[in-house]
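Asks: sequence first, then the predicted structure:
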Amino acid sequence: MRIFEHPEFDHHQQVVFGSDEASGLRAIVAIHDTRRGPALGGLRIYPYTSEADALTDVLRLSRGMTYKSALADLPLGGGKAVIIADPRRDKTKAMLRAMGRLVESLGGRYITAEDSGSGEEDMRLIRQETRHVSGLGHDGLSGDPSPFTAHGVFCALQSAVRHRLGQEDLKGVRVAIQGVGHVGAHLARELHAAGARLVITDVDRDSLGMLVDELGADSVAPDAIFGAEVDVFAPCALGAVLTEDVARQLKAKVVCGAANNQLSTPGVANSLHARDILYAPDYVANAGGVIEVEAQRHAHYDRNAVMRHVERIAATADEIFARAKAEDRSPAGVADQLARERLRG
């Protein structure tokens, strides 16, 4: 497996493969950039079909974290970790503590936190082996960043609706949400409260049914969500969902969701732009979680200050959309350029 020639390798500073025979740990940590500070990024536990798939994911996710932190004006670099395992079947205390030792071996260059397949209790186990972990909560409050991620997406979505649909509020705006796990469910509730009309889908039919009943939303099969007659498509499941085929299917005029790495290839952003679909770059929209996780690292935690910071995502999105319109470019390219400008200082 070649690293330096990998299509997702972007001058990453360090890529570490870790294993522990006793616990079965097989992990990869990617540190993309530490110019602004230590590389913070969540721990994803997922049963990848191959090591190559895991490497592709961790390289893309870590680069996204660099850009996310830069555009969220955080003193952090970008990193990510993945464990190749089924979180429901394979995850053990021994495996998580072995992961903690791997994080500790990096000397603070990488700070881990929860992500898909890992949660606050997992971070507490990792904390037994290293202090380089966040997402543990404050003063009895949960360390779950999902509500903050969802609120940031909500703010970015409001900006996108304003720019593309010319509407100041979300009353009557039709939104299709793909994936109603922790973040997607929080987003659905916030959109419902704002007067949006929801179409939702998820592979977990039980969770989907409960949310349909709670919010009076419509539900569709997972494959039908792309062609739903809506104004906004919000991908909130795993990444690479925006393919060329999906770009052709979408009826929505706006794409804004919580999933990381939504574009299967960079060219899909141009395909969306060509169809006059306004794409909110994922790492801009979903930065609320990392803003919260960064705040948890400090002794003085001010939830109101965190929320004000999260709500500045709307201003960043406004800047990107305005610049994209002026230059007749996809917001994805504009966001990447703006992030690189901030990294250069």
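Replies: Sure thing, it's come through.

Asks: how about the nearest residue to residue 229, chain neighbours excluded?
Replies: The shortest distance from residue 229 to any non-neighbouring residue, by Cβ to Cβ, 6 or more residues apart in numbering, is to residue 251 (5.4 Å). Heads up, the C-betas are built off the backbone N, CA and C, glycines and all.

Asks: buried set for the host helix or strand of residue 318?
Replies: Assigned by DSSP states H and E, residue 318 belongs to helix 313-327. By neighbour count on 16 or more other Cβ atoms under 10 Å, the buried set for helix 313-327 is 313, 314, 316, 317, 318, 319, 320, 321, 323, 324.

Asks: show me what contacts residue 65?
Replies: Residues counted as contacts of residue 65 (Cβ atoms under 8 Å, 6 or more residues apart in numbering) are 32, 39, 40, 41, 76, 77, 78, 79, 80, 283, 290.

Asks: on that earlier part again, including distance to residue 101 and pLDDT, could the buried residues of helix 313-327 go into CSV?
Replies: Conversion of the buried residues of helix 313-327 to CSV gives the following (distance: Cβ to Cβ, whole Å; pLDDT from 0 to 100):
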residue, distance to residue 101, pLDDT
313, 35, 98
314, 40, 98
316, 37, 98
317, 39, 98
318, 44, 98
319, 42, 97
320, 40, 98
321, 44, 98
323, 44, 97
324, 44, 98
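
Asks: using JSON lines, please lay out these together with distance to residue 53.
Replies: Compiled in JSON lines, the buried residues of helix 313-327 are given as follows (distance: Cβ to Cβ, whole Å):
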{"residue": "313", "distance to residue 53": "30"}
{"residue": "314", "distance to residue 53": "34"}
{"residue": "316", "distance to residue 53": "31"}
{"residue": "317", "distance to residue 53": "31"}
{"residue": "318", "distance to residue 53": "36"}
{"residue": "319", "distance to residue 53": "34"}
{"residue": "320", "distance to residue 53": "30"}
{"residue": "321", "distance to residue 53": "33"}
{"residue": "323", "distance to residue 53": "34"}
{"residue": "324", "distance to residue 53": "31"}
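
Asks: once you drop chain neighbours, what's closest to the residue nearest in space to the middle of the chain?
Replies: With distances taken as Cα atoms, centre = their mean, residue 260 lies nearest the centre of the chain, 3.8 Å away. Spatial nearest neighbour of residue 260, chain neighbours left out: residue 239 (5.1 Å); criterion: Cβ to Cβ, 6+ apart.

Asks: can you classify the one you found as helix, strand or coil?
Replies: Assigned state for residue 239: coil (three-state reduction, DSSP: H, G, I helix; E, B strand; the rest coil).
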